[in-house]
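[1] Build me a model from this:
(one chain, ligands or ions: 2)
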Amino acid sequence: MSNSIAARLIQINDTTLRDGEQAAGVAFTIEEKVAIAQFLDAIGVQELEVGIPAMGQQEIEAIRAIGELGLAAELIGWNRANIADIKASVACGLKRVHVSVPVSDIQIAAKFHGQWRVMLGRLRDVIHVALDHGLSVAVGGEDSSRADSLFLLDVAYYAQSLGAFRFRFCDTVGILDPLTTFHQVRQLVQTLSIPVEMHTHNDLGLATANALAGIQAGALSVNTTVNGLGERAGNAALEEVVMAVKQIYGMSLGIDTKRLLELSRLVAKAANYPVPPWKAIVGENTFAHESGIHADAVLKNPMTYQPFDPAEVGWTHHFVVGKHSGRHLVQKVLQQNGITLNADETQTILQAIRDRSMQVKRGLTTDELLSLVTPVKDTAHATR
Ligand SMILES: CC(=O)SCCNC(=O)CCNC(=O)[C@H](O)C(C)(C)COP(=O)(O)OP(=O)(O)OC[C@H]1O[C@@H](n2cnc3c(N)ncnc32)[C@H](O)[C@@H]1OP(=O)(O)O
Ligand SMILES: O=C(O)CCC(=O)C(=O)O
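    Numbers count the residues shown, from 1 in each chain. Ligands and ions are numbered 1, 2, ... in the order given. Next comes the predicted model:
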């Protein structure tokens with residue numbers, strides 16, 4: 001375990017209800033937002049980015065409804081550097097706001113006509129208004145990873161001097177690798193006295209790895225989403241970050257991991273997008289074993305081909321009889337159904353399983369397997 005990480009309190013700020021819902025085509029109802037917030041709180045997530053008050057009445061109602069639940073989790077609303085956005089957050093009853101400003105040239109050009117002084121002036125005014133309303137203010141550097149590194153440090157330091165309680169490092173278009181993330185975040189952590197938060201995207205499949213690199217560099221908060229839901233290729237997945245920190249650093253983030261699968265299913269249903277079977281931690285195949293060599297070993301000791309006990313995340317391992325299966329698994333399944341085959345019969349069945357799997361292009365159900373056995377047994381009987 002890394003001592004430096006163990007000594008720090010790292011927390012999750014889950015943004016399923018904000019960046020998660022920004023995934024193209026996703027639209028949670030108020031009831032779904034409330035149910036997801038309740039679940040995240042129940043399993044111990046410390047902070048929830050509940051939405052974007054500036055979106056209007058329905059979003060405000062949803063955020064108010066979440067606020068009325070009296071959750072233990074801190075609730076934070078996402079805002080542009082825009083006073084009207086802050087007023088909408090106040091209307092939601094929020095006590096914490098996140099204010100985002102673009103920090104890369106390309107984003108400042110698109111959103112502030114290249115006028116970074118205007119952008120900083122807006123940030124200052126918005127922070128003042130939010131503080132005057134008694135709000136706690138966090139600031140996000142949108143597109144931090146493509147920003148000039150000195151400019152990023154200046155903006156973050158400025159936000160801190162204006163009274164921000166946290167600065168978010170955003171790899172907005174997911175272009176970093178873990179080593180570069182480490183160096184960029186390290187500089188921020190060494191410059192600031194307020195905590196740094198990680199916000200990483202999965203465009204190159206590195207969102208979770210980069211979130212971990214940020215933690216290694218000293219970040220104290222991680223923005224995650226359930227199932228990695230989010231803009232384009234998504235965000236660092238809550239279940240991946242929590243389990244990676246637990247497995248790799250031996251550190252609990254205070255989250256009841258046994259309910260991660262149930263949470264994943266709740267969010268997948270609300271998002272109306274299935275979780276891919278190979279999705280880490282929560283996908284259908286995560287603890288499924290078909291291949292002969294794997295299944296044989298797992299029958300002897302499940303840990304031969306499992307990174308951790310599936311019960312830790314609410315799963316059980318299971319076997320699939322399919323094209324790659326071998327005799328140990330097939331004999332086991334048949335024995336469980338009261339059938340014992342000799343060596344020749346088993347080889348015949350294995351070939352039949354391969355043929356059938358290729359025809360149906362999936363693993364076989366137990367009934368399909370049993371239907372392959374009858375002709376083999378009949379032939380053996382007839383030739384006796
Ligand atoms: C990286 C991220 O994920 S950022 C979060 C993105 N999330 C979303 O956009 C989802 C919710 N968004 C919405 O519902 C709408 O975009 C709203 C309500 C926020 C704004 O809607 P509209 O007024 O119709 O504007 P629209 O979305 O077309 O354009 C965005 C405006 O915000 C401005 N803007 C963008 N980022 C910022 C910022 N950080 N600070 C201030 N202004 C900003 C843009 O420049 C543009 O302003 P303009 O109208 O003066 O040109
Ligand atoms: O909070 C911010 O500044 C932007 C967060 C975000 O969604 C992103 O950068 O992708």
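[2] Now do His113: how many residues are near it, please.
    Number of residues near His113 (other C-beta atoms under 10 Å) recorded here: 9. C-betas here are computed from N, CA, C, even on glycine.
[3] contacting residues around the residue of the stretch 51-200 of the chain found nearest ligand 1?
    At 3.3 Å from ligand 1, Arg80 is the closest residue in the stretch 51-200 of the chain, using C-beta to the nearest ligand atom. By C-beta atoms under 8 Å, 6 or more residues apart in numbering, the contact set of Arg80 is Ala54, Val99, Ser100.
[4] Quick check: bridge partners of it?
    On the basis of DSSP bridges, Arg80 is bridged to Ser100.
[5] and the stretch 1-150 of the chain, which residues reach ligand 1?
    19, 22, 52, 54-55, 80-82, 100-102, 111, 142 (C-beta under 6 Å from any ligand atom).
[6] and with 8 Å instead?
    Applying C-beta under 8 Å from any ligand atom, we find that the stretch 1-150 of the chain lies next to ligand 1 at 18-19, 22, 52, 54-56, 59, 78, 80-82, 85, 99-102, 107, 110-112, 119, 122, 142-143.
[7] near ligand 2 too, which of those residues?
    For ligand 2, the contacts drawn from those by C-beta under 8 Å from any ligand atom are Arg18, Asp19, Gln22, Trp78, Val99, Ser100, Val101, Glu142, Asp143.
[8] which of those residues lies closest to Val226?
    Set against Val226, the nearest of those by C-beta to C-beta is Asp19 (11.1 Å).
[9] Am I right that the closest one is in contact with Asn223?
    Yes - applying C-beta atoms under 8 Å, one finds Asp19 in contact with Asn223, separated by 7.2 Å.
[10] Which residues are in contact with each of these two?
    The contact sets of Asp19 and Asn223 overlap at Glu49, His199, Asn235 (C-beta under 8 Å, 6+ apart).
[11] Now intersect those with the strands, please.
    Glu49, His199 (DSSP state E).
[12] Looking at the shared contacts of Asp19 and Asn223, which is nearest Ile127?
    The closest of the shared contacts of Asp19 and Asn223, once distances to Ile127 are taken by C-beta to C-beta, is Glu49, at 18.0 Å.
[13] one step back: who has more neighbours out of Asp19 and Asn223?
    Asn223 (28 against 22).
[14] Tell me the strands beside the helix or strand encompassing the more buried one, with direction?
    Using DSSP states H and E, Asn223 maps to strand 221-224. Partners of strand 221-224 in the sheet, by DSSP bridges, are strand 11-14 (parallel), strand 196-200 (parallel).
[15] Dump that strand to PDB, keeping only the CA atoms.
    Extracted as PDB, the C-alpha positions of strand 221-224 are listed here (Å, rounded to 0.1, in the frame of the first residue of the first chain):
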ATOM      1  CA  SER A 221     -11.500  14.200  -4.400                       C
ATOM      2  CA  VAL A 222     -12.500  12.200  -7.400                       C
ATOM      3  CA  ASN A 223     -15.500  12.900  -9.700                       C
ATOM      4  CA  THR A 224     -17.000   9.600 -10.800                       C
END
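[16] can it be found next to ligand 2?
    Yes - shown here: strand 221-224 in contact with ligand 2 (C-beta under 8 Å from any ligand atom) through Asn223.
[17] For that strand, which outside residues touch it?
    10-16, 19, 47, 49, 166, 168, 195-200, 211, 214-215, 235-238, 241-242.
[18] Perfect, I'm done here.
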